[in-house]
Structure formats: C-alpha cells, structure tokens
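[1] need coordinates for the following:
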Amino acid sequence: MKSFIKSLVCAVVAAVAFVPAVFAAQAGTITLSPTSYTFPTEYVGLVTQTKDFVLTSTIRTSVTIESFSISNPVFQLTQGTAPMTLTGGTSAHFTIAFAPQAAQAYTGTFTINVSNGYGPFTATLSGTGETTGAVGSLSPTSINFGNAKAGTTTATQTVNVTNSGTQSMTLTSVSADPPFTVATKVQNVPIGAGQTYPVKINFSPTGQGAFNNVVTFAFKEIPTLGANMSGTGTADLNPTIQNFPTLPLATQSASYYAPLAASGGTGPYTFAVKPGSTLPTGLSLSTAGVISGTPTKVGTGSFTIQVTDSKKKSGQKLLSLTIDKATGASCNNISWDIVNTNTPITPIDVLGTGTYLGYEGGLYPDGSNIRPAGQDSYGVTLADQIQPLDADGTVDPINGKEVIVLMGESTVHVEAAQIVLDMMADPAKNSHVVVVNGGQGNGTASEFDDVNSPFWTTITNYILPNAGVTANQVVAIWFEPTDILYSGTFPTDVANVTTEIEDIMRDQLVLFPNVKLSYLSSRIYAAYSNGLTQKTNPEPYAYEEGWSVKWAIEDQLDGDPNLNYNPSLGPVKAPWMSWASYYWGNGLTPRPDGLVWTCQDFVPDGVHPSTPLGAENVANEVVNFFETDDSAAPWFLANPPRR
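    Next comes the predicted model:
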C-alpha cells in the first residue's frame, strides 16, 4: 500500500494525468520535494551539508503533519517538527544530513504522515561512505605571541600540519579572526602521507589587554582541527593606529563608516592619507580619522594612513579594505537610532548606568556588566559539580559525556553550526564535552515556551541521538531567545518574551534533569533587514529583545521562587541563569571590543548571519566565553586555570 501511495505522490510531482481524487485540483494538492536524493560521498566521521525537503500544501483547509520518521540513522534530521499545521499555500521544511558510519553504500527513507488521509509522503535517501588512511595533527596546538604593542603586527609563528597516515589529505582552508591573521595562503593544499605543511600566523593587537582565539584547520577527509592563539596588547609611547590591518568589509554602492583609533603619543590626533596613497573611489578620510562615503567599485585596495599627535610626532599604518557586491539586504542601514530621535542605539553593556527609553543599562543590576558575587559564587559551585554522565545520567568518568545544547531559532541554527565546529576543534576543550546544535527554523521563544512543543521533541528524539547523547547527559544550555517581533512600543513589546524565557528555563529542567547552568545571549544586529518585505525582528526589536534576557535574569537574581536554582531556598524550579556573550552592536559603529556588523555578515534577508563571516563573529564570542568564564571553564576546559 505504501509503495502504491508513493507512486501517486510521484505522479503529482510529475504532473501526470491520473491524479487521485484526494489530490484533485479542486481540493488542492500536497507535494513533497524532492522525492529522492543522493547525498555526496562522504568520509566516515564527517557529515555532509544538509538537504532541504519541503512539504507544500495548496489545500484550502488546514491539514496536520502528524509525524515523520527516518528509517536509517546515518541520515540525520537537523531541523523539522511535528505535529505542525499547514494551511493552504504554506510549506514545512525538514533538513537532513548524511553521516556515514562505514565505507559502504546506504539507503533509507524519509516519511511524513499527514492527517485526513493525505500521504504518507516518502522520499528515498542514499549515500556512500568512504574511509581514509590519512591521519592529521597540528604542532603546536597552542601559541602565545606574548606582548605586542597595540597597532603593530608581530613576526609570524608556525603551526605545522602533519599527515602521519598512509594516504594523502587535503587542507581546504585555515580560518583565523582578528586580531590573529593567517599569513600563509591556504586553499585545497594536498598533504601527502608522511608530509608536513607549515602555516604561518601573526598577531595584530587592536588595543591593550589579553586576546584569545581558536584557529581552525579544515580538511576534506578528516574532522576539523584547531590551535589556540593568545597574546597581549600593550601601550606604545609613539602615536600608532590601533585598527586591525584589514578594515571591516564594505558593500558596493552602500554607505560605509570606519573610525580609526590611535594610541601613544599625546592627543589629540590628526589623520591623513599618506601622499602617494589612495582610498577606494567614493571614500574619504576626515582629519578626525573617519573613513566614510559610498564605495563604487568591487575589489580590494591597500592604502597607508598617517597619524600625527599634538607634538607633531607621527606614525603610519598600511590598511586594506575589501568592497563586495551588494547582497540584496538594506546595506545602507549601517546604524540605527532610538525611535523618534537622531541618537544611535547604544549596546546594553555599553550603556552602563545610562538609560534606553528610561531603563538603566548594564547586563546586570545597577548598570553593571559583572555577575553579582552571590550568583557568581553559586555558579562556580555548580561548575565544580559537573561530571561526565552516561546515557542514564549516572556519573561515568571514563566514557561519560557533558553535553551543551545550543538552542534558539534559525539564526541560532547557523551560528551554532560554527560554534560546534570551533568548540569541537578546540584543543583546550575537555574531551568529555559534546556540543549539540539544537537551533531550529521557527524555533522562537513562543514555540519553546510549551514543554510539550514539537521543537523540544525534535531536540530530544532526533538531534541529541544524532550526536550519540541523551537528554540525561545535558549539563548546560546556551540559548539565544527571539520572537517574531516587528511592531509595538518598548517595553511592552518585549515584556512577553521575558515571560517566555522564564517558562523555558523551567522547561529545560523538566526535559534535561541534570542541567545545571543556562547561559543566555541576545541576537545580533538586524537593521540590514529593515525595509525588506520579510519581517521577523528588525531593529529596534532585535536590540530590545536583549532587555528581555536582562529582565529574566534579574528576576532570578531577585529571588523569584519560580526560578529558584538553590535547593536550600526551596524547590528547584530552574537552572542557574547567566548572561553569556553579549554581541549586539550598532552596525558599523565599533563596540569597545572592536566588533562591528557589516552587511556582508548577513545573507540577503539581512536577518540570518552569513557563513562563515557572520556566524564566526558569534562563534568567537561564545567560544571565548566558555574558555574564560569562571562558571564554564572548570568543566569546559581539559586543564582549567587554578582558582
């Protein structure tokens, strides 16, 4: 019977004349596309890119996707929920990846069951796994560049990529982010058996203080490897331009803004383009050091900028700027103002005791960005209690896992893919830690608000098993809550999101009985979506949702019994809550840490981060948080620093 129904579905897709009555044009149709898919051949231990399967209904009345199933576990669901209601003209998306377990051919089926006698709808899946004799390693896996004056670039250090196996392997790319740079050009470099390939990296601190990052090495045949980079920026007595040598990306025919910063010498400073050097067409430099204008030509250009202090001492720096094609997003929205004002929005952590529409800033109470002492102390206590757990949640110091679930909606799905890649490649990570991408399209706070939501079911029944772990092994969660907000007035527009976040905290404890720590971030800049047809959470709503996170955490700090995490104070209702990284920034206006959001950091909808650019911005922040925060480092790192 199933094969007969499947043939009817195929007939509909092919528009063959003998459409059955249940699919009659008068009533509308339901189609699944594609109805078959062969994944690219993949190496064992790796996972292919996902394939999107779309079920579309044109039936006038609503129908329900009751359930779905995948017959072979090597085909892994990464997004998709059931039950789900489809109205006429709407679609449901399911994404599937192929993760072979052996060198062989695989087949399977993806089946969707729909109410009212429609379906089931089935797609056939196939793919082939292969193995390699290549064995890759990095040496060293950690480099400390030591002290370097802000605005300068160090001599290069070398990471050797060695293949100690019996077959060749391909180094496809090496990714580093400011203030670290890959000085060696790497693109699909073959490394033969027994060979070593040197990759040079340098450090260009953009200010004073410690900098840390993970440089990732991607291969065709083996999993990504990583090396930890660190260095400290120090002051320079002479006037120096601090900016990273590569300026933020510009977009053709869109506004650009890049303020230059200087240190050393005696201010104030005056900036000028060095004689004989030329800025890209359409851009100019003010004496105050702001590069602005509208670039007209795609390409990369280099130019030298001079800085002179009040005592006529000077310095110079070679900078480069790449101008890319317009993306289709609203690329002129390089900053966003408070509603009905000409005052740019200030990030919550930068506000301090300042206010946004009457509400005091700071991630925590009293304008502070520092976790309150009592909350911090208890978080450290919980961190020290975390141990590897087996599938049933019993302590297993040998084979157990400590699982972090990354959750939120589609922007998180993109960001989390990069976070997982970077964390799992991090050589400093505790080998028991497993990081799972639980981000899902349409997985808004309002959807996760219900403990029985199918979005939760997808995580517990599909996404966690795909990673070889269970809900009992989850010890921590990173959550970026958003809703589809595009109207209303602050603060009432986002007040409901605070309530949803608090409900979700309680849901987390129900579904993950051993979760101890729940870290929250708020979403990235969204004004590049303002003015487009698609409306999800443009500015100022993306920014204002950060206040929902702030208020939910403050409710726990204020002792709300429904968010209690301390058994000595009553029944435990929620995990311990804290801010993780806060990375909202006002477009091209640099945050104090130098982070900006360019239009090139987004796909054409202006909402979702691009890969790897935008997603890597978030991944850098989140990985650094888990490596350095005193409530995360004790269990996330293999060798945490002594306290």
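
[2] from now on I want contacts and neighbour counts done on CA atoms only, so please keep to that.
    Fine.

[3] can you list the domains in this structure?
    If you go by automatic domain parsing, the domain ranges for the chain are 2-130, 136-234, 240-324, 372-636.

[4] which of those domains sits closest to Pro344?
    domain 372-636 (7.7 Å; CA to CA).

[5] gap between the two ends of the closest one?
    With CA to CA, to the nearest Å applied, domain 372-636 spans 22 Å between its terminal residues.

[6] so where's this protein shaky on pLDDT?
    1-27, 642-643 (pLDDT under 70).

[7] so which residue is smack in the middle of the chain?
    Taking CA atoms, centre = their mean, the centroid of the chain lies closest to Glu415, which sits 1.8 Å from it.

[8] nearest residue to that one in space, please, no chain neighbours.
    Ala615 (4.5 Å; CA to CA, 6 or more residues apart in numbering).

[9] quick one, helices of this protein?
    Using DSSP state H, the helices assigned to the chain run over residues 2-13, 348-351, 373-385, 410-425, 445-448, 454-458, 464-466, 492-511, 541-557, 613-628, 633-636.

[10] of those helices, which is nearest Val199?
    helix 410-425 (16.8 Å).

[11] which elements pack onto the closest one?
    Here helix 410-425 touches strand 209-219, strand 225-234, strand 402-408, strand 433-437, helix 613-628, going by 3 or more CA pairs under 8 Å, 6 or more residues apart in numbering; DSSP states H and E.

[12] tell me which of the domains of the chain sits most buried.
    Neighbour counts (mean count of other CA atoms under 10 Å) averaged over each of the domains of the chain peak at domain 372-636, with a mean of 21.

[13] any chance of the helices of the chain in TSV with distance to Asp483 as columns?
    Compiled in TSV, these are given as follows (distance: least, CA to CA, whole Å):
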stretch	distance to Asp483
helix 2-13	34
helix 348-351	19
helix 373-385	27
helix 410-425	11
helix 445-448	6
helix 454-458	14
helix 464-466	24
helix 492-511	7
helix 541-557	8
helix 613-628	19
helix 633-636	30
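
[14] if we can go back for a sec, with distance to Ile334 as extra columns, can I get the helices and strands packed on helix 410-425 in a markdown table?
    As requested, these are arranged in a markdown table below (distance: least, CA to CA, whole Å):
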| stretch | distance to Ile334 |
| --- | --- |
| strand 209-219 | 27 |
| strand 225-234 | 29 |
| strand 402-408 | 26 |
| strand 433-437 | 30 |
| helix 613-628 | 15 |
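
[15] for Thr327, which of these is the nearest?
    Per CA to CA, nearest to Thr327 of these: helix 613-628, 13.4 Å.

[16] pull the residues that contact the closest one.
    The contact list for helix 613-628 (CA atoms under 8 Å, 6 or more residues apart in numbering) reads 212-214, 414-416, 418-419, 422-423, 580-581, 583, 595, 597, 600-602, 609, 632-633, 636-637.

[17] quick check: angle from it to helix 410-425?
    Put simply, helix 613-628 runs at 50 degrees to helix 410-425, going by axes from the mean of the first three to the mean of the last three CA atoms, to 10 degrees.

[18] off-centre distance for helix 613-628?
    8 Å (CA atoms, centre = their mean, to the nearest Å).

[19] same thing with stretch 56-72?
    That offset, for stretch 56-72, works out to 30 Å (CA atoms, centre = their mean).

[20] got the CA positions of that stretch in PDB?
    Presented in PDB, the C-alpha positions along stretch 56-72 are these (Å, rounded to 0.1, in the frame of the first residue of the first chain):
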ATOM      1  CA  THR A  56       3.800  22.100   0.500                       C
ATOM      2  CA  SER A  57       0.000  22.300   0.700                       C
ATOM      3  CA  THR A  58      -2.400  24.100  -1.500                       C
ATOM      4  CA  ILE A  59      -5.400  22.600   0.100                       C
ATOM      5  CA  ARG A  60      -7.900  25.200   1.200                       C
ATOM      6  CA  THR A  61      -8.500  23.700   4.600                       C
ATOM      7  CA  SER A  62      -5.800  23.100   7.200                       C
ATOM      8  CA  VAL A  63      -4.000  19.700   7.400                       C
ATOM      9  CA  THR A  64      -1.700  18.500  10.100                       C
ATOM     10  CA  ILE A  65       1.700  16.900   9.800                       C
ATOM     11  CA  GLU A  66       1.200  14.200  12.400                       C
ATOM     12  CA  SER A  67       4.600  12.600  12.500                       C
ATOM     13  CA  PHE A  68       7.700  11.800  10.500                       C
ATOM     14  CA  SER A  69      10.400   9.200  10.500                       C
ATOM     15  CA  ILE A  70      13.800   8.300   9.000                       C
ATOM     16  CA  SER A  71      14.500   4.600   8.500                       C
ATOM     17  CA  ASN A  72      18.300   4.700   8.700                       C
END
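
[21] dihedrals phi and psi, Asn369?
    Main-chain torsions, Asn369, degrees, to the nearest 10: phi -110, psi 10.

[22] next up, the contacts around it.
    So Asn369 contacts Asp349, Gly352, Gly362, Leu363 (CA under 8 Å, 6+ apart).

[23] I'd like the distance between it and Gly293.
    Using CA to CA, Asn369 is found at 34 Å from Gly293.

[24] same deal with Asp309?
    25 Å.

[25] one more: Asp396?
    From Asp396 over to Gly293 (counting by CA to CA), the distance is 59 Å.

[26] same thing with Phe479?
    Look at Phe479 and Gly293: by CA to CA, they are 37 Å apart.

[27] again, but for Asn160
    Taking CA to CA, one finds Asn160 at 42 Å from Gly293.

[28] hmm, Ser548 is touching Thr498, no?
    Yes: counting by CA atoms under 8 Å, Ser548 touches Thr498, with 4.6 Å between them.

[29] find residues that contact each of these two.
    With the criterion set as CA under 8 Å, 6+ apart, the contacts of Ser548 and Thr498 do not overlap.

[30] number of residues surrounding Asn340?
    Other residues near Asn340 come to 6 when the count uses other CA atoms under 10 Å.

[31] give me phi/psi at it?
    Note on Asn340: backbone dihedrals following degrees, to the nearest 10 are phi 60, psi 20.

[32] for Ile334, which residues are in contact?
    Per CA under 8 Å, 6+ apart, neighbours of Ile334: Ser255, Tyr256, Tyr257, Ala527, Tyr528, Asn586, Gly587, Leu588, Thr589, Thr598, Cys599.

[33] tell me what Ser284 is bridged to.
    Ser292 (DSSP bridges).

[34] ok, it to Lys274 distance?
    Counting by CA to CA, the gap from Ser284 to Lys274 is 13 Å.

[35] one more: Pro223?
    From Pro223 across to Lys274, the span is 45 Å (CA to CA).

[36] residues touching Thr234, list them.
    Asn147, Ala148, Lys149, Ala150, Gly207, Gln208, Gly209 are the contacts of Thr234 under CA under 8 Å, 6+ apart.

[37] ok, and the closest non-adjacent residue to the third one?
    In this structure, Lys149 finds its nearest non-sequential neighbour in Thr234, 4.6 Å apart by CA to CA, 6+ apart.

[38] kindly provide the distance from that neighbour to Gln242.
    11 Å.
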